[in-house]
Every structure is written in C-alpha cells, then in structure tokens.
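1. Structure, please.
(one chain, ligands or ions: 4)
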Amino acid sequence: RAKGEGRNRFKVFNTRMLEDAIRLMDLESALRLALDRGEFFLDYQPILSLSDRSLQGFEALVRWRRPGKGVASPKDFIPVAEDTGLIVPLGLWVLEEACRTMVRWQTDFPQVLAMSMSVNLSAKQLTQPTLVEDVERILRATGLDPHALKLEITETVIMDNPEVSILRLKRLKALGVRLSVDDFGTGYSSLSYLQRFPIDTLKVDRTFVSEIEANENRKIVGAVVALAHSLGLDVVAEGVELEAQSAVLTDFACEAGQGFLFSRPIAREDVERMLDSGGCALGQAEP
Ligand code: C2E
Ligand code: MG
Ligand code: MG
Ligand code: MG
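-> Ligands and ions are numbered 1, 2, ... in the order given. The predicted model follows:
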C-alpha cells in the first residue's frame, strides 16, 4: 500500500513537472515571438533629487504587451528570459531603446542634458563576453553621451562572481558610463569588495525604505547612507511611498529617491508631457 502511494505521488509530481516544462517552453517561444513582433516597451520612472525634488533622471523598466492578455510585468517574464538566455537579445533591445529615447529627450528638452537614464542589466548579461562591445556599439549607434547612461546591477549578481564582475565593471566604466548597485541590502556584500567595485551609486532596496519608520531600519538606512558617502558614492532610495519616508531620507542626506510618492513608472509620452510643462507633474495621481 505504501508502495502504491509512493508511485502515485511520484506520478503526480512528474505530471506537474511536465506541465511546468511545457508552460516554460510556451512562454519561451512566446517571448521569442514577442521580441520579433515588437511587443515589448519601456516605461520610465523618474528619479528625484530629495533636497529640491528636481528631476535627476529616469529608470527604464521593460513591459510586455501581450495581444489579448494585457501587459505583463517584468517580474513574471524576466526570470524566464534569464533562464532561456533570451534576456541577452531582450536586454540589448532595452538598452538601445532607452538610449534612443534619452537622445531624443536631450534634443527636445535641454534640461534633460543634466539627467541620466538608468538601465537594468541581468546576471546573464553581465556574464556575456561581448557585453562591453555591445554597450559601446549601442552608445555609438544612438549617439548617447556615455555619461548620461547608468547601468544597474544587483548586489547579488555582482557578489556571485566578484572577481569577474570587477573586471567587467571596470571595462564598462572605462567607456564613460556610470554604474549603480541595485537592490542594495537584499544580498550579502562584503564591504571590502564594495570599495573595490568601480561604482557610482547605491540604490537602497525598497524593503528598507518601506519600514524606515521602524527604529531598526532607520538605523540601517542611516548607516548605509553614511557608508556610501564615506566610499564616495551617492545614494538613491527605492520605493519611497510616503512623505515621512522622504523626510527621514532627507535627514540622512540621501541624495535621491524613486517611488510612488513622486511618480509611478510612466509611458514615454507622459514623460514628454511632463518635460514639456517645464518639469514636474510629480506626486501625481496613479494612472
Ligand atoms: P528594480 O530594478 O529594482 O526596479 C524598481 C521596481 O520597483 C519597479 O518594478 C518599480 O515599478 C517598482 N517601484 C518603484 N517605486 C515603487 C514604490 O514606491 N512602491 C512599490 N511597491 N514599488 C515601486 P517593475 O517595473 O515591476 O520591475 C521589477 C524588476 O524587474 C526591476 O526591479 C528589475 O529587477 C526587473 N526589470 C525591469 N525592467 C528590466 C529590464 O529591462 N532588464 C532587466 N534585466 N530587468 C528588468
Ligand atoms: Mg533597477
Ligand atoms: Mg532596484
Ligand atoms: Mg528593487
């Protein structure tokens, strides 16, 4: 009897695995087609200077408009794209689209010349031997000043293979682009490594910001900001949703913030409307 049960369990488990595999394959081919058919697009989330709430730049965030199925969140398809390797061509598309948009904004709105465009790089992209050449080629093709581009790499990805990361990040830096550590605080960073990375900015993860009113988290964020400053880095707080959070961050002299308090990620046309009206439709209602 026990044996029979075991076999049943095994069978159920197996069927589920097969179903998962098929779903993954479907999603993979759907992603491939989506790239060919131009179903991906970018939203842009403003990043603000906390002291005066002026625009410091934008983060490009990819979305997938699925015909008949609405818009898919990167949380749902980036992991599959990563597992199947499709993140490499998708990531290059994102980079090129973001650079092209930035050049256009710089041309149409002179105030954008002082701003930056941040683009996320995934783990798989960072391990590509051609990454540096690809970035260089896209900068040249779009004509974007490298200094206007910020590449975001998560702490976990960097710490997975610090030695390789350091070399690759140094080569990226040599192009003139700037580098941010994304989701800082969620992984494990050796502080000595942090100092060796050629990075410009720490982005403090939303989980710390969202609980900043709790005393312990407040101390952690304060310490992270102080550490970053002592290493010559500036700090962007992610996920700022409340005025009270912004106030604490400002007290810590945290340079910049990004979050629903200021603006959700918005469409290119909405950014253009905002820039057209001279700056800041920020802190606006949800779309
Ligand atoms: P991330 O790079 O940390 O991006 C910030 C995420 O936090 C975005 O989610 C943004 O909408 C969300 N967010 C910003 N402010 C707030 C807030 O105040 N409250 C809350 N609750 N959330 C806030 P999104 O667009 O869903 O992206 C999720 C993640 O997907 C990104 O996290 C990034 O890791 C990944 N991702 C997005 N676009 C790309 C891409 O082009 N390439 C790669 N490799 N990853 C991407
Ligand atoms: Mg990011
Ligand atoms: Mg982030
Ligand atoms: Mg995050």
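
2. Give me every residue in the protein lying close to ligand 2.
-> Contact residues (Cβ under 5 Å from the ion) of the chain with ligand 2: 120, 152, 182. Yep, even glycine has a C-beta here, placed from its N, CA and C like the rest.

3. Try it again at 6 Å.
-> Selection of the chain residues close to ligand 2 by Cβ under 6 Å from the ion yields 59, 120, 152, 182.

4. Same list (those) but as JSON lines, adding secondary structure and distance to residue 40.
-> Below are the residues of the chain next to ligand 2 laid out as JSON lines (DSSP: H, G, I helix; E, B strand; the rest coil; distance: Cβ to Cβ, whole Å):
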{"residue": "59", "secondary structure": "strand", "distance to residue 40": "16"}
{"residue": "120", "secondary structure": "strand", "distance to residue 40": "13"}
{"residue": "152", "secondary structure": "strand", "distance to residue 40": "18"}
{"residue": "182", "secondary structure": "strand", "distance to residue 40": "20"}
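
5. any low-confidence regions in the stretch 101-250 of the chain?
-> Along the stretch 101-250 of the chain, segments meeting pLDDT under 70 span 190-191.

6. near ligand 1, which residues of it?
-> Contacts of the stretch 101-250 of the chain with ligand 1, taken as Cβ under 6 Å from any ligand atom, map to 120, 122, 152, 182-183, 206, 238-241.

7. From these, list the buried ones, please.
-> 120, 122, 152, 182-183, 206, 238-240 (16 or more other Cβ atoms under 10 Å).

8. Helices of this structure, start to end?
-> 2-37, 74-84, 87-108, 123-126, 131-142, 155-160, 162-175, 191-196, 206-210, 215-230, 243-251, 268-276 (DSSP state H).

9. Flag every buried residue along stretch 116-124.
-> Neighbour-count burial for stretch 116-124 [16+ other Cβ under 10 Å]: 116-122, 124.

10. Just the closest of those to residue 168, please.
-> residue 121 (9.9 Å; Cβ to Cβ).

11. among the helices of the chain, which is nearest ligand 3?
-> Nearest to ligand 3 among the helices of the chain is helix 206-210 (7.2 Å), distances taken as Cβ to the ion.

12. how about the helices of the chain, which one is nearest residue 47?
-> helix 268-276 (12.0 Å).

13. quick one on the thing from earlier: dump the helices of the chain to a markdown table, plus distance to ligand 3.
-> Converted to a markdown table, the helices of the chain look like this (distance: least, Cβ to the ion, whole Å):
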| stretch | distance to ligand 3 |
| --- | --- |
| helix 2-37 | 22 |
| helix 74-84 | 11 |
| helix 87-108 | 15 |
| helix 123-126 | 14 |
| helix 131-142 | 19 |
| helix 155-160 | 10 |
| helix 162-175 | 17 |
| helix 191-196 | 17 |
| helix 206-210 | 7 |
| helix 215-230 | 14 |
| helix 243-251 | 15 |
| helix 268-276 | 19 |
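
14. any chance of those helices in CSV, with distance to residue 50 too?
-> Converted to CSV, the helices of the chain look like this (distance: least, Cβ to Cβ, whole Å):
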stretch, distance to residue 50
helix 2-37, 37
helix 74-84, 26
helix 87-108, 22
helix 123-126, 29
helix 131-142, 29
helix 155-160, 22
helix 162-175, 26
helix 191-196, 22
helix 206-210, 12
helix 215-230, 11
helix 243-251, 5
helix 268-276, 18
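
15. middle-most residue in the chain, spatially?
-> Centroid-nearest residue in the chain, with Cα atoms, centre = their mean: residue 120, separated by 3.9 Å.
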